[in-house]
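K.L.:
Next input, structure requested:
(chains A and B)
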Amino acid sequence: MNTLEITKNTPQQLQEEKAKTTKISGSQAVLEAFIAEGVDTIFGYPGGAIMPIYDALYDYNDKLKHILVRHEQGGIHAAQGYARTSGRTGVVFATSGPGATNLVTGLADAMIDSNPVVCVTGQVFAHLLGTDAFQETDVINITTPVTKWNYQVTDACEIPAALAKAFYIARTGRPGPVLIDITKNAQLQLFDYEGYKACNHIRSYRPAPIVRKEYIAQAAELINQAKKPFVLFGQGVILGKAENEFKAFIEKTGIPAAWTIMGLSALPTDHPLNVGMLGMHGNYAPNVLTNDCDVLIAIGMRFDDRVTGRLDKYAKQAKIIHLDIDPAEIDKNVKTTVPVWGDCKETLPLLTQLVQANQHDAWLQKFRELEQEEIKEVINNELQPSEGEMTMGEVINVLNELTNDDAVIVTDVGQHQMVACRYARFKQSKSNVTSGGLGTMGFGLPAAIGAWYGAPDRTVVAIIGDGGIQMTIQELGTIMQFGAKVKILILNNQFLGMVRQWQQLFHDKRYSFVNITSPDYVAVAKGYYISGKQVNERASLRQALKEMLEHDGSYLLEVMVGKENNVFPMVPQGSSVSEIRLK
Amino acid sequence: MEKQEYTITLYTENSIGMISRIAIIFSRRKINIESLNTSPSEVHGIHRFTIVITESEEVVRKLCRQIEKQVEVLKAYYNTNDEVIWQEQALYKVPTDIVTEKAPIERLLREYGAHAVVIRNDYTVFETAGHREEIDKLTEALAEYNLIEFVRSARIAIIKDSKGFHNKLKEFEEAEPTQDVVENEYLDKQDKIFTM
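P.N.:
The predicted model follows:
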């Protein structure tokens, strides 16, 4: 198709053409693909190169809800939040150039945390590619390292197949972000549409490796012989929708189970075998006993350095069984004794079948003893301080009580994130949304918006620090316009707290640029027509949280907490997990 | 673990951007690609990458896993030098008068099995193929005789134990993959890593 023909397709001419033929435009094909894939919500921001798609969207208003975010980064974080609470694929629109580059942080975040997201970006006309045209960027190459797959469409005929592949790749296997870059001519172009065919096989792509029974048998044997087995679980359990299978496995074997930050909420907090959080700011017992167990069973987790601490002193005494859907994760960081490839939805029941029913009371008791030590040294003071400044932990503690342990907790990144993940209590899966791998400050507010659209019937509380909120505070505008009922809980310690903590502990208290000032958040919220309040004394905390939760609609509550509180326990960088510090 | 030369062989779809997608997996880890060749393979429509790096086996194995994870890569293999038959090609441009006048050149060329590709009044272009060491030696020798231009190709390599990719592709084209699509180098490693 030559350029003249392409540019002839103005919206009016398109309408006329459409009336004459059965052809549809590339833009319509995009939206038809969304509908066929069951998309109900799009987070996006229009711009020059994606205008034909937005023009088509005008006619699909009844079928597709579009949330106009205030920044493309907000759009993709919202899509991630949506994916995390709904278990479905999040969808994002952005325009070319700056619109697309603004997605990069979110793509990297979604990539490392395995969120299924499909981004559609506009691109300049195909004949302008490589000419430094207005708002032209090499989006495909920029996003290659941060996408599971990406593809540039220059002809409308490719759109149905490209999107079918995109959705298939994004959600299957180990999920991840996919970006489809569509040139403007392809969006405008009319073509013979033969309907949408969902993709279910790509010859060069294996979503999940074949389960090999012999390894399951070997794993079962190790587990049956183990005296001190220990289960670590990650987001794989949630992504595989294998919460029940997981529970059945640990209940039959009686093995204590600890979670990574991404696995949080896959197992109810009060489950008798739930022994807490792993990693740098995780619980005392699971960290210490990692170096005491004899068989370590890792399920859907990837031995991140924040979980393992110093690798050459990590569980060296133990035999390692690693269940993962991604073969590249096996032996990546920790050498495996028995690898169990495959979707844990499939492998866990096979394993459960082969293992003997067992109990490990004495071993479990060891966890509980160390837990008591942590409660005495750290948790009591954090959750129920009797005097002094308010702590982040006590805010979470009251929140648990008022939400009956059943809210969706979205966090940003930093001290409040660690405290929230340590102390928030959960009854159901897919209730914790956080930026785990990338540690993206600014993630919280937009992700909470998406989380609410993914689970609109649930209470969604965004717990955010005074640093992170200022990174994406513009998304209050999105809440204002579209009414997501997000409860925004700012824990303000007037510092970039986590960096300050490190400067205190490891840099001689040289507080270099961690002192951050805040606007009057309640006034800012008011400017966006969002109700809010600030609390700075313990006595009014409970009432304020109650007001926030009972308010019909979004609400911003700023809680002033202690300025120089530290998050403990802590595994200092370069230390072994068993060298975890309680103070 | 000891570093040594490895030849990585990839079977991929022939799609735009593949080189970039593969190359960044190395550069992200600050690993230098010593040679890279892309060509058609024995199977119509499937592309073959041959990459040479010097690394430990552990690093190479992890790299292959990461590469195989790419949606458009069908399979990644790695082999040591004694597991492959490999060649590089080289072209040399030398002044013709020196070739005709200096006797040792003739001997050199015979020794290394070089052939004249083009003979002009002003220069002659020779071609040879072989292992890098041989090519390097000839280059060194010719340098003394006013070598005007020299170029060497990337390595191409045939895997000794390979039965080709035809059958493997059939497996990949089936919706239900067969057992050994993912091999376990640890538990299966007896005498051969290669399991085609």
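K.L.:
Next, give phi and psi for residue B:128.
P.N.:
Main-chain dihedrals, residue B:128, degrees, to the nearest 10: phi -150, psi 160.
K.L.:
and residue A:258, bridged to which residues?
P.N.:
residue A:232, residue A:276 (DSSP bridges).
K.L.:
I figured it hits residue A:232, correct?
P.N.:
Yes: applying C-beta atoms under 8 Å as the test, residue A:258 and residue A:232 come out as touching, 5.7 Å apart. Placement of C-beta: from N, CA and C, glycine included.
K.L.:
Now list whatever residues contact both of those two.
P.N.:
A:278, A:286 (C-beta atoms under 8 Å, 6 or more residues apart in numbering or on different chains).
K.L.:
Tell me what residue 151 is bridged to.
P.N.:
Answering for chain A, as no chain was given. Residues in beta-bridge contact with residue A:151 (DSSP bridges): residue A:180.
K.L.:
wait, chain B
P.N.:
The partner residues for residue B:151, given DSSP bridges, come to residue B:91.
K.L.:
Tally up the residues packed near it, please.
P.N.:
9 (other C-beta atoms under 10 Å in any protein chain shown).
K.L.:
so it touches residue B:125, yeah?
P.N.:
No: at 10.2 Å, residue B:151 and residue B:125 do not qualify as touching, with contact defined as C-beta under 8 Å.
K.L.:
what about residue A:88, distance to residue A:116?
P.N.:
For residue A:88, the distance to residue A:116 (C-beta to C-beta, to the nearest Å) stands at 8 Å.
K.L.:
what does residue B:105 give?
P.N.:
For residue B:105, the distance to residue A:116 - C-beta to C-beta - is 64 Å.
K.L.:
Pick out whichever of the two has more residues nearby.
P.N.:
Counted by other C-beta under 10 Å, residue B:105 and residue A:116 do not tie: residue A:116 has more neighbours, with 27 against 20.
K.L.:
Can you check what pLDDT the model gives that one?
P.N.:
For residue A:116, the pLDDT comes out at 98.
K.L.:
burial of residue A:528, as a residue count?
P.N.:
Neighbourhood size, residue A:528 [other C-beta under 10 Å]: 18.
K.L.:
same thing with residue A:509?
P.N.:
10.
K.L.:
Skipping adjacent residues, who's closest to it in space?
P.N.:
residue A:503 (6.5 Å; C-beta to C-beta, 6 or more residues apart in numbering or on different chains).
K.L.:
got the residue ranges for the helices in chain B?
P.N.:
Using DSSP state H, the helices of chain B run over B:18-27, B:57-68, B:96-101, B:103-112, B:132-143, B:166-173.
K.L.:
any chance of those helices in JSON lines, plus mean pLDDT and distance to residue A:572?
P.N.:
Below are the helices of chain B laid out as JSON lines (pLDDT from 0 to 100; distance: least, C-beta to C-beta, whole Å):
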{"stretch": "helix B:18-27", "mean pLDDT": "96", "distance to residue A:572": "32"}
{"stretch": "helix B:57-68", "mean pLDDT": "95", "distance to residue A:572": "27"}
{"stretch": "helix B:96-101", "mean pLDDT": "86", "distance to residue A:572": "68"}
{"stretch": "helix B:103-112", "mean pLDDT": "82", "distance to residue A:572": "60"}
{"stretch": "helix B:132-143", "mean pLDDT": "90", "distance to residue A:572": "47"}
{"stretch": "helix B:166-173", "mean pLDDT": "83", "distance to residue A:572": "47"}
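K.L.:
For those, give me JSON lines that also has distance to chain A.
P.N.:
JSON lines is the format used below for the helices of chain B (distance: least, C-beta to the nearest C-beta, whole Å):
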{"stretch": "helix B:18-27", "distance to chain A": "5"}
{"stretch": "helix B:57-68", "distance to chain A": "4"}
{"stretch": "helix B:96-101", "distance to chain A": "42"}
{"stretch": "helix B:103-112", "distance to chain A": "40"}
{"stretch": "helix B:132-143", "distance to chain A": "31"}
{"stretch": "helix B:166-173", "distance to chain A": "5"}
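K.L.:
Return the most buried member of those helices.
P.N.:
Greatest average neighbour count among these goes to helix B:57-68 (a mean of 19), per mean count of other C-beta atoms under 10 Å in any protein chain shown.
K.L.:
Quick one: work out the angle between it and helix B:18-27.
P.N.:
Going by axes from the mean of the first three to the mean of the last three C-alpha atoms, to 10 degrees, helix B:57-68 is angled at 150 degrees with respect to helix B:18-27.
K.L.:
Restricting to C-alpha, output helix B:57-68 in CSV.
P.N.:
Taking C-alpha atoms only, helix B:57-68 is exported to CSV below (Å, rounded to 0.1, in the frame of the first residue of the first chain):
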residue,chain,number,x,y,z
GLU,B,57,30.5,-24.4,31.3
GLU,B,58,28.2,-23.2,34.0
VAL,B,59,27.9,-19.7,32.5
VAL,B,60,27.4,-21.2,29.0
ARG,B,61,24.7,-23.5,30.2
LYS,B,62,22.8,-20.6,31.9
LEU,B,63,23.2,-18.5,28.8
CYS,B,64,21.7,-21.2,26.7
ARG,B,65,18.8,-21.5,29.1
GLN,B,66,18.1,-17.8,28.9
ILE,B,67,18.4,-17.9,25.1
GLU,B,68,16.1,-20.9,24.8
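K.L.:
All the strands of the stretch 451-583 of chain A, residue numbers only.
P.N.:
Listed in chain order, the strands of the stretch 451-583 of chain A (DSSP state E, counting those that start in this stretch) span residues A:460-465, A:486-492, A:531-535, A:555-560.
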